[in-house]
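1. Turn this into a structure:
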Amino acid sequence: MKIRKKSKKLRKNIRNFLIFIVLVIVSSIIGWSFQRSESLKKQEVHIEYKTVNSKKEATISMVMVGDALIHGTVYQTANRYANYNGYNFKPMLEHIKPIVQNYDLAYYNQETILGGKELGLSTYPLFNSPYEVGDAFIDAGFNLVSLATNHTLDKGERGILNSRSYWDKQQDILAAGSYSSWNDRDEIIIKEENGIKYGFLSYTTYTNGLIVPKGKEYLVNVYDKEKVKKDIETYRDQVELLIVAMHWGTEYMTYPTNAQKEIAKYLADLGVDLIIGTHPHVIEPIEFIDDTLVIYSLGNFISSQIGVERLTGLMLGLDITKEEYHGKTTIKFSNIEGTLIYTDRYNGYIVYPYNKLNNKILNGYQNYYEKYKKVVTAYSDQVTVKSLEG
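-> As a prediction, the model looks like this:
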């Protein structure tokens with residue numbers, strides 16, 4: 001009897017021990033599975049973290065101003081600044097130079113041809129300006145120059161050849177839109193700044209009725225859809241940032257025409273990143289077409305035209321960032337801020353930022369500031385205008 005009880009107890013103990021062993025094994029398997037799951041999660045997080053950090057960025061800054069429209073009274077004043085021995089335009093830019101030199105790229109539109117005094121300086125309607133205009137803008141820090149305007153042909157082929165001879169001698173200056181030969185016109189020029197490769201093209205929709213010599217269409221880039229398409233396709237895969245200057249629109253209109261909008265959309269669809277507009281001689285709005293930034297008109301930078309709206313221009317600054325992620329490169333614009341500027345045609349043609357004005361220089365400048373600020377920002381809330389206190 002005692003033996004049977006002991007045997008029964010032994011079997012019970014063995015059964016309990018086996019159950020315990022099974023529970024330990026099951027618990028171990030569950031614990032191992034949980035730990036592996038957690039390990040895999042950590043690995044996935046780690047991989048994702050590495051992917052996010054593989055994004056590469058590079059940023060450059062750029063500033064733009066509008067037309068250098070050199071009327072006779074402007075170059076006569078420059079002659080006085082030079083004590084009647086040549087021409088000195090640098091005093092006119094003394095308030096602008098410190099701003100421009102903070103930027104990597106600096107654009108302006110050379111409205112009037114720089115044919116030099118040997119051709120005879122002239123004013124409206126057929127302009128010719130001294131080389132010293134370019135000297136002053138280069139000294140101020142400008143390095144991107146648009147040469148395709150409605151006045152490019154004012155002195156004919158000789159004026160353009162003189163102009164190109166001047167610009168070709170300048171170091172680190174990219175001047176586009178007017179050329180001395182087909183080879184020069186078709187040369188692909190790619191610049192690089194802080195790891196961002198960029199190209200610059202320039203076109204005009206007007207020549208003021210002046211005829212480009214047949215077979216010498218390289219003298220000035222007149223806008224043509226097929227020609228522009230070919231040019232853009234040549235550059236597009238070789239640069240990250242593609243800039244196109246457009247001389248277009250209707251003079252003295254503070255909003256873009258349908259033709260401007262149509263061209264802007266066409267260029268945007270072709271992959272242009274930045275479109276810089278000039279010719280209206282007054283400020284027009286800025287907008288985005290998808291990812292393309294369009295400045296319809298920067299207005300005059302310096303001129304002797306009459307009227308506050310023609311003496312007020314826009315200096316636009318921004319940051320341009322190249323992002324590389326998963327093999328795809330994109331260009332983004334940020335910190336898009338305009339500074340209103342004013343040319344004091346009555347006191348030496350000095351160009352002032354609006355925040356340096358007073359009522360003696362421009363009576364009621366605060367009201368003009370509010371008026372033109374609304375024009376600049378009419379199409380986009382991503383654009384701001386520097387305050388009068390800034």
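2. Find the residue ranges of the chain scoring beneath the pLDDT cut-off.
-> 1-53 (pLDDT under 70).
3. So which residue is smack in the middle of it?
-> The residue lying closest to the centre of the chain (C-alpha atoms, centre = their mean) is residue 274, at 5.3 Å.
4. Contact partners for that residue?
-> 241, 242, 243, 244, 292, 293, 295, 320, 333 (C-beta atoms under 8 Å, 6 or more residues apart in numbering). Every residue, glycine included, has its C-beta placed from N, CA and C.
5. go again using 6 Å as the cut-off
-> With contact set as C-beta atoms under 6 Å, 6 or more residues apart in numbering, residue 274 has these partners: 243, 293.
6. ok, now residue 141?
-> 100, 101, 106.
7. Check which helix or strand residue 288 maps to.
-> Using DSSP states H and E, residue 288 maps to strand 286-289.
8. mind listing what's buried in that strand?
-> 286, 287, 289 (16 or more other C-beta atoms under 10 Å).
9. Other residues contacting it?
-> 264, 265, 268, 294, 295, 379, 380, 383.
10. Buried subset of these, written for PyMOL?
-> Here is the PyMOL command that picks out the buried ones among the contacts of strand 286-289, judged by 16+ other C-beta under 10 Å:
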select buried, resi 264+268+294+295+379+383
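11. Whichever strand or helix holds residue 184: how far from the chain's middle?
-> Following DSSP H and E, one finds residue 184 within helix 182-186. Distance, stretch centre to chain centre, for helix 182-186: 24 Å (C-alpha atoms, centre = their mean, to the nearest Å).
12. which parts of it are buried?
-> Of the residues in helix 182-186, residue 185 count as buried by neighbour count, 16+ other C-beta under 10 Å.
13. Check which element follows it along the chain.
-> Downstream of helix 182-186, the first helix or strand assigned by DSSP H and E is strand 191-193.
14. what helices or strands is that following strand leaning on?
-> Helices and strands touching strand 191-193, as assessed by 3 or more C-beta pairs under 6 Å, 6 or more residues apart in numbering; DSSP states H and E, are absent.
15. List of residues touching stretch 243-263?
-> Residues contacting stretch 243-263 (C-beta under 6 Å, 6+ apart): 146, 148-149, 200-205, 267, 272, 274-282, 284, 296, 375.
16. Keeping just the C-alphas, turn it into CSV.
-> Taking C-alpha atoms only, stretch 243-263 is exported to CSV below (Å, rounded to 0.1, in the frame of the first residue of the first chain):
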residue,chain,number,x,y,z
ILE,A,243,17.7,81.1,-64.4
VAL,A,244,16.0,82.9,-67.3
ALA,A,245,15.8,86.7,-67.7
MET,A,246,12.8,87.9,-69.7
HIS,A,247,12.4,91.4,-71.1
TRP,A,248,8.7,91.5,-71.6
GLY,A,249,5.4,93.0,-70.7
THR,A,250,3.9,96.5,-71.2
GLU,A,251,5.6,99.6,-70.0
TYR,A,252,4.2,101.3,-66.8
MET,A,253,1.7,98.5,-66.1
THR,A,254,1.9,97.3,-62.5
TYR,A,255,0.4,93.8,-63.3
PRO,A,256,1.5,91.2,-65.8
THR,A,257,-0.1,90.9,-69.2
ASN,A,258,-1.6,87.6,-70.5
ALA,A,259,1.4,87.3,-72.8
GLN,A,260,3.7,87.4,-69.8
LYS,A,261,1.7,84.8,-67.9
GLU,A,262,1.7,82.6,-71.0
ILE,A,263,5.4,82.8,-71.4
